[in-house]
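J.: I'll drop the sequence and a predicted model, then ask my questions.
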Amino acid sequence: MAMRVPERYRVNTGPMASDVSYGNNGAFLIPLVEGTKTHVAQIIAGEGLGWQHVSIRLPNEVPSWAVMCLVKELFWEPEDCVVQYHPPASDYVNNHPFVLHLWRQIGAEYPRPPIELVGTRSPQSHLIPAEEV
């Protein structure tokens, strides 16, 4: 259970440049096709202070559930539990209207509700990176 980064999407030029020596920290540009829309997700990943974090930004809209699922699959193992927080109002921070975040505390196991309280299982529709279409 560990974070990983999709090296093929890493930004390696300009002010946000990084390389493999940065480990799980860096910026990534991921082209996506979602229905009739084409996006380039701008992602910043980081690991530190006991946390793994990925911020996901689309140019003109909030990322959809499908986008968030794809990003989770690209950066973590299928059995890793990763969360989006809705903090208390007093802790709320919003530096950009079209950014959402995924978090995983290193070494922690998150409590989860029983599956039957969530709903019935059904096949998931998956979003894939544009170059794989």
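T.: Yep, it's here.
J.: residues touching Glu61, list them.
T.: By C-beta atoms under 8 Å, 6 or more residues apart in numbering, Glu61 lies in contact with Phe98. For the C-beta atoms, the positions are set from N, CA and C on the backbone; glycine is no exception.
J.: now the phi/psi pair for it, please.
T.: Dihedral pair for Glu61: phi -160, psi 160, per degrees, to the nearest 10.
J.: tell me the pLDDT of it.
T.: Looking at Glu61, its pLDDT is 93.
J.: same check on Gly48?
T.: The model's pLDDT for Gly48 equals 95.
J.: ok, now Asn12?
T.: Looking at Asn12, its pLDDT reads 96.
J.: could you measure from Ala66 over to Asn25?
T.: From Ala66 across to Asn25, the span is 26 Å (C-beta to C-beta, to the nearest Å).
J.: count of residues packed around Asp91?
T.: 7 (other C-beta atoms under 10 Å).
J.: repeat for Ile30
T.: 20.
J.: kindly report the same for His101.
T.: Neighbourhood size, His101 [other C-beta under 10 Å]: 14.
J.: name the nearest residue to it, sequence neighbours excluded.
T.: With sequence-adjacent residues excluded and distances taken as C-beta to C-beta, 6 or more residues apart in numbering, His101 is closest to Ser55, at 5.1 Å.
J.: give me the buried positions along stretch 61-80.
T.: 63-64, 66-68, 70-76, 80 (16 or more other C-beta atoms under 10 Å).
J.: now these in JSON lines, with distance to Ser90 and secondary structure?
T.: Converted to JSON lines, the buried residues of stretch 61-80 look like this (distance: C-beta to C-beta, whole Å; DSSP: H, G, I helix; E, B strand; the rest coil):
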{"residue": "Pro63", "distance to Ser90": "25", "secondary structure": "coil"}
{"residue": "Ser64", "distance to Ser90": "28", "secondary structure": "coil"}
{"residue": "Ala66", "distance to Ser90": "31", "secondary structure": "helix"}
{"residue": "Val67", "distance to Ser90": "29", "secondary structure": "helix"}
{"residue": "Met68", "distance to Ser90": "25", "secondary structure": "helix"}
{"residue": "Leu70", "distance to Ser90": "32", "secondary structure": "helix"}
{"residue": "Val71", "distance to Ser90": "28", "secondary structure": "helix"}
{"residue": "Lys72", "distance to Ser90": "28", "secondary structure": "helix"}
{"residue": "Glu73", "distance to Ser90": "33", "secondary structure": "helix"}
{"residue": "Leu74", "distance to Ser90": "33", "secondary structure": "helix"}
{"residue": "Phe75", "distance to Ser90": "29", "secondary structure": "helix"}
{"residue": "Trp76", "distance to Ser90": "29", "secondary structure": "coil"}
{"residue": "Asp80", "distance to Ser90": "29", "secondary structure": "coil"}
